[in-house]
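**Q** This is a predicted model, with the sequence first.
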Amino acid sequence: MPAVIFIAPFHLPVTMRFVYAVAALPNVRLGLISQEPIEKLAPDLRRRLAAYERVGDALDVGHLEAGVKAVARRLGGVDRLIGTLEQLQVQLGQLRDRLGIEGMGEEASRNFRDKARMKDVLQRAGVPCARHRRITSAGEGWAFALDVGYPLILKPPDAAAAKGTFRVTDAETLHHALSALRPSPERPAVAEEFVTGRERSFETVTIKGKPVWFSSTLYDPPPLHVLENPWIQWTVLMPREEETEDTRLARPHALAALQALGMGTGLSHMEWFRRDRPGGPPVAISEVGARPPGAQIVSLNSYAHGVDFYERWARLVVFDQWDAPPRKYAAGVAFFRGQGKTRPGARVVALHGVAEAQRELGELVVDVKLPQIGQPRAESYEGEGYAILRHPDTDVVARALRRMISTVRVELG
């Protein structure tokens with residue numbers, strides 16, 4: 001009976017779906033570490049836990065090491081140490097190395113977490129990606145702009161989901177980005193060539209470094225554009241077709257990237273561009289995460305394949321097992337984001353177009369979280385709500401997603 005420790009710094013709904021999946025596995029002793037009180041857990045989950053340890057800072061490796069040792073004593077050891085949060089991956093690697101726990105160690109984890117280091121590794125492996133440079137001063141940022149030209153991207157080396165990322169189009173926006181990031185030897189930034197093209201994701205399941213399954217999705221519009229424009233509603237589409245021109249283009253580069261970075265066992269998430277530039281390589285890797293994707297992509301896989309992908313992920317990371325049936329449907333998610341006043345304290349004051357969307361598209365909807373009147377404006381790029389649609393025909397889902405985000409409108413006030 002394997003002993004598993006899951007680190008969930010915060011009881012976020014998406015994180016808890018993965019925790020529930022592990023807790024539901026048969027013949028597993030599960031311990032949970034968090035900085036939140038156990039009283040916040042649902043009673044049914046609390047009953048399934050063999051141990052719970054609250055720590056002061058669940059992103060601090062010292063606090064976590066003490067917590068892991070305490071839980072391991074109660075479990076009689078630890079066979080797996082897992083977590084899904086991007087900001088936790090290096091600490092997980094450090095703890096596995098220090099405590100002799102099987103799984104990806106610190107060096108490989110840093111390859112994924114540090115975006116400048118990641119691009120260095122990818123370039124050495126011949127994987128196509130944007131020109132980049134780690135910068136430790138404002139002067140180095142200006143020098144990179146002179147070498148590469150505008151537009152370009154500036155971001156922290158440990159950015160996640162495009163947060164803290166600046167699109168730089170001229171000297172004025174470069175000055176603003178450098179003033180905000182304040183690059184230094186202690187806190188460097190990453191400067192990158194701005195890549196144009198259609199942005200996609202590529203998910204891969206690997207077991208002990210061997211790829212055994214993949215899928216791909218299409219973003220519309222790209223996540224950075226979504227973050228820069230908090231009113232834009234956006235979509236993610238998973239085609240029914242498992243083999244497409246996109247997957248044929250991306251797969252060899254994705255697998256080469258994972259091998260170079262040192263992926264072990266898990267579900268990884270790669271973002272990449274299908275480039276439009278004539279004469280250049282058709283693919284550019286943006287970044288790769290050694291953790292499950294966000295943006296409801298795990299749920300899309302569940303609906304597209306007709307099985308619970310959270311449960312499949314749990315079996316993967318605990319037992320090194322993977323089994324997924326052929327895809328039966330196309331699936332997509334439309335994210336509803338508030339429009340209107342974006343001042344501090346803004347809330348949802350009205351929801352428009354829901355009845356019309358229900359009449360036209362209701363038969364395609366398999367999951368929905370509608371924004372609620374009085375709900376605070378969301379900080380996440382996923383917005384105040386979403387709807388997931390499914391149909392055997394990819395074109396039907398693609399058209400329905402476009403119709404959904406043009407019909408439903410969230411008003412802030």
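**A** Looks like it arrived, so ask away.
**Q** rest of the way, CA atoms for contacts and neighbours
**A** Will do.
**Q** Helices along the stretch 101-250 of the chain, start to end?
**A** According to DSSP state H, counting those that start in this stretch, the stretch 101-250 of the chain carries its helices in the segments 106-113, 115-124, 138-148, 171-181, 223-228, 245-261.
**Q** Doesn't L88 lie inside a strand?
**A** No. Looking at L88 with DSSP: H, G, I helix; E, B strand; the rest coil, it is helix, so not inside a strand.
**Q** returning to that earlier point: and the helices of the stretch 101-250 of the chain, which one averages the lowest pLDDT?
**A** Here the lowest mean pLDDT among the helices of the stretch 101-250 of the chain goes to helix 223-228, at a mean of 79.
**Q** and R390, what helix or strand is that in?
**A** Taking DSSP states H and E as the definition, R390 sits inside strand 385-391.
**Q** Domains in the chain, by residue range?
**A** Split into domains by automatic domain parsing, the chain comes to 3-103, 131-193, 197-412.
**Q** re earlier: how about the helices of the stretch 101-250 of the chain in JSON lines, adding mean neighbour count and distance to Q87?
**A** Below are the helices of the stretch 101-250 of the chain laid out as JSON lines (neighbours: other CA atoms under 10 Å; distance: least, CA to CA, whole Å):
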{"stretch": "helix 106-113", "mean neighbour count": "21", "distance to Q87": "8"}
{"stretch": "helix 115-124", "mean neighbour count": "20", "distance to Q87": "13"}
{"stretch": "helix 138-148", "mean neighbour count": "16", "distance to Q87": "25"}
{"stretch": "helix 171-181", "mean neighbour count": "15", "distance to Q87": "18"}
{"stretch": "helix 223-228", "mean neighbour count": "17", "distance to Q87": "19"}
{"stretch": "helix 245-261", "mean neighbour count": "18", "distance to Q87": "17"}
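**Q** can you tell which of the ones you listed is closest to R390?
**A** R390 sits nearest to helix 245-261 of all the helices of the stretch 101-250 of the chain, at 20.4 Å, using CA to CA.
**Q** picking up where we left off before, for the helix or strand following the strand holding R390, packing partners?
**A** Using DSSP H and E, the next helix or strand after strand 385-391 towards the C-terminus is helix 394-407. Helices and strands touching helix 394-407, as assessed by 3 or more CA pairs under 8 Å, 6 or more residues apart in numbering; DSSP states H and E, comprise strand 234-238, strand 330-336, helix 354-361, strand 385-391.
**Q** Just put the helices of the stretch 101-250 of the chain in TSV and tack on distance to Y20.
**A** Shown next, in TSV, are those (distance: least, CA to CA, whole Å):
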stretch	distance to Y20
helix 106-113	25
helix 115-124	31
helix 138-148	45
helix 171-181	37
helix 223-228	28
helix 245-261	28
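**Q** Tell me which of these lies nearest to L401.
**A** Of all the helices of the stretch 101-250 of the chain, it is helix 223-228 that lies closest to L401, at 15.9 Å by CA to CA.
**Q** Only alpha carbons, please: show the closest one as PDB.
**A** C-alpha atoms of helix 223-228 as PDB (Å, rounded to 0.1, in the frame of the first residue of the first chain):
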ATOM      1  CA  PRO A 223      -3.100  34.000 -23.200                       C
ATOM      2  CA  LEU A 224      -0.800  37.100 -23.200                       C
ATOM      3  CA  HIS A 225      -3.400  39.000 -25.200                       C
ATOM      4  CA  VAL A 226      -6.100  37.800 -22.800                       C
ATOM      5  CA  LEU A 227      -4.000  39.100 -19.800                       C
ATOM      6  CA  GLU A 228      -3.300  42.400 -21.400                       C
END
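**Q** can you give me how far it is from the chain middle?
**A** Relative to the mean C-alpha coordinate of its chain, helix 223-228 is positioned 14 Å out (CA atoms, centre = their mean, to the nearest Å).
**Q** and what of stretch 340-356?
**A** 26 Å.
**Q** Which residues does it contact?
**A** 231, 338, 371-377, 407-413 (CA atoms under 8 Å, 6 or more residues apart in numbering).
**Q** quick one on the thing from earlier: partner strands of the strand holding R390 and their direction?
**A** strand 330-336 (antiparallel), strand 365-369 (antiparallel) (DSSP bridges).
**Q** So which of those is the most surrounded?
**A** When the strands paired with strand 385-391 are scored by mean count of other CA atoms under 10 Å, the highest mean neighbour count falls to strand 330-336 (a mean of 28).
**Q** rewinding a little: among the domains of the chain, which is nearest K115?
**A** When the domains of the chain are compared by CA to CA, domain 131-193 sits nearest K115, at 4.9 Å.
**Q** Quick one: end-to-end length of that closest one, please.
**A** Length of domain 131-193, first residue to last, CA to CA, to the nearest Å: 5 Å.
**Q** So what's the gap between that domain and the chain middle?
**A** Centroid separation for domain 131-193 versus its chain: 22 Å, with CA atoms, centre = their mean.
**Q** Show me how to select, in PyMOL, the buried members of the contacts of stretch 340-356.
**A** Burial among those is assessed by 16 or more other CA atoms under 10 Å; the matching PyMOL selection reads:
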select buried, resi 231+338+371+376+377+408+409+410+411+412+413
